[in-house]
Structures are given as C-alpha cells and as structure tokens.
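*Asks:* Provided below are the primary sequence and the corresponding predicted coordinates.
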Amino acid sequence: MRVIGGIAGGRRLATIRGRNIRPTSDRVREAIFNIIADRVEDCVVLDLFAGVGSLGIEAISRGARHCVFVDKDHAACGVIKRNLDDLGFEEASTVVEADAFRAIGAGRGPVSEKAPYDLVFVDPPYAMEASEKLLSLIENARILAGDGLVLVEHSSRDIAPYGSSRMTMVRQERYGDTEVSFYMFSSEG
C-alpha cells in the first residue's frame, strides 16, 4: 500500500497483517481523491475507522491542514502513528484511540476540538451496519462544516445508507466490491 498523490506520493505505508482491517485499496483511494480534488487543500479531515490511516494520510499529502484519525484498535493506532512519523505528518494530525460512535457522541475531546470538518471519511468494517447511525451522529454533533462532505465506504452488495434528516446522498460510485456514497447537508436543511 502506498500514498497515491501529493507531497508523499509513492511512499509506502505500513500495514497490519492478520487483523480484521480492510484498508481502502490504492485504486479506490485514487478514484475518491480524483473526485474530491478541489476540496482537499487546507481542509480539516475526520477519518473514522481509520485502520492504517490511508485515507487521512492521502488527504494530508494532498494539502489538508489537519486530520483526526479515529480507530478503537490499539495496534492500528500504533501503525497510524508510525506512518505519520515516517512521513513527517505528526503536526498535521491527531490520533484518537476510541470507538467512533463514542468519539463523535462525546461532545468534547479531540474530535470536537478540531470541528467543523470539511471532509469526513467513514469506512467501517463491511460486516458492521454502522453507517446510518454514524451519519445521524455526525449531523447531531454538529461537527460537519455547512458545505462539508461525508464519504461512506461500504460493500457494493449492501444498500447505501439512507442519510439523515438533514443529510442526503449527492453521489455514488462503485469500484468492484466497494461502493462509495457521498453525503452533504440538504439545501433545505
């Protein structure tokens, strides 16, 4: 696995073997960042279920101001910190070892302190049906900027999350077994 573009483009990322972590493939990451290219520069990013940090690291490499990585797995957080250290991205990042639901719902702490977020990546394990609840939590916690974008990665075999009372799907892309759904606040909201 490697960083696709930006100042760290081509650099390899450490990964975790033998764990229930499914990093976003290089192909899918490249496609996502081609779509959101004009939103990344100087943005603030939240990477939920960060795994090894590939999405947030890609954002920092492409000019994001700061990224908060959230994962409850201790080993995954260690690998994220190692990757950030190896790339010199420590100052542009915060790693939070916590359950994503609790980190958002707490209303205080590192996730709230860096809000509002311009981009939020949600990449839960495909077996976990968490995306709908997370979209609602993101809306209720008021951590998304008014023109912010939430990207939810899920199995293409599953129905995309509906959204929330004020967030609607604005785009959907399929890459083999992976589907990425894009959400923004409704214009009426």
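*Replies:* In hand now; what should we look at? Residues are numbered from 1 along each chain as shown.
*Asks:* how about the nearest residue to residue 71, chain neighbours excluded?
*Replies:* residue 50 (4.5 Å; Cβ to Cβ, 6 or more residues apart in numbering). Any C-beta I mention is one placed from the backbone N, CA and C, and that applies to glycine too.
*Asks:* check contacts around the one you found.
*Replies:* Taking Cβ atoms under 8 Å, 6 or more residues apart in numbering as the criterion, residue 50 is in contact with 56, 69-71, 76, 80, 95, 121, 123.
*Asks:* just the helices in this protein please.
*Replies:* 26-35, 37-40, 54-61, 74-87, 100-105, 110-113, 131-140 (DSSP state H).
*Asks:* mean confidence for the fifth one?
*Replies:* Looking back up the chat, that one is helix 100-105. Averaged across helix 100-105, pLDDT comes to 91.
*Asks:* same deal with the first one?
*Replies:* Regarding helix 26-35, the rounded mean pLDDT is 92.
*Asks:* show me what the residue most central in space within the chain is bridged to.
*Replies:* Residue closest to the average C-alpha location in the chain (Cα atoms, centre = their mean): residue 121, at 2.2 Å. Per DSSP bridges, the residues bridged to residue 121 are residue 47, residue 151.
*Asks:* that one against residue 43, yeah?
*Replies:* No: Residue 121 is beyond contact range of residue 43, at 11.7 Å (criterion: Cβ atoms under 8 Å).
*Asks:* show me the shaky parts of this protein.
*Replies:* The model of the chain has pLDDT under 70 over residues 18-23, 126-130, 161, 163-164, 187-189.
*Asks:* ok, the residue nearest to the centre of the chain - contacts?
*Replies:* 45-48, 50, 55-56, 151, 153.
*Asks:* will you turn those into a markdown table that also has distance to residue 159?
*Replies:* Output for those, formatted as a markdown table (distance: Cβ to Cβ, whole Å):
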| residue | distance to residue 159 |
| --- | --- |
| 45 | 26 |
| 46 | 24 |
| 47 | 24 |
| 48 | 20 |
| 50 | 24 |
| 55 | 22 |
| 56 | 27 |
| 151 | 17 |
| 153 | 14 |
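*Asks:* quick check: phi and psi at residue 176.
*Replies:* phi 60, psi -120 (degrees, to the nearest 10).
*Asks:* test my guess that it contacts residue 156.
*Replies:* Yes: counting by Cβ under 8 Å, residue 176 does reach residue 156; the two are 7.1 Å apart.
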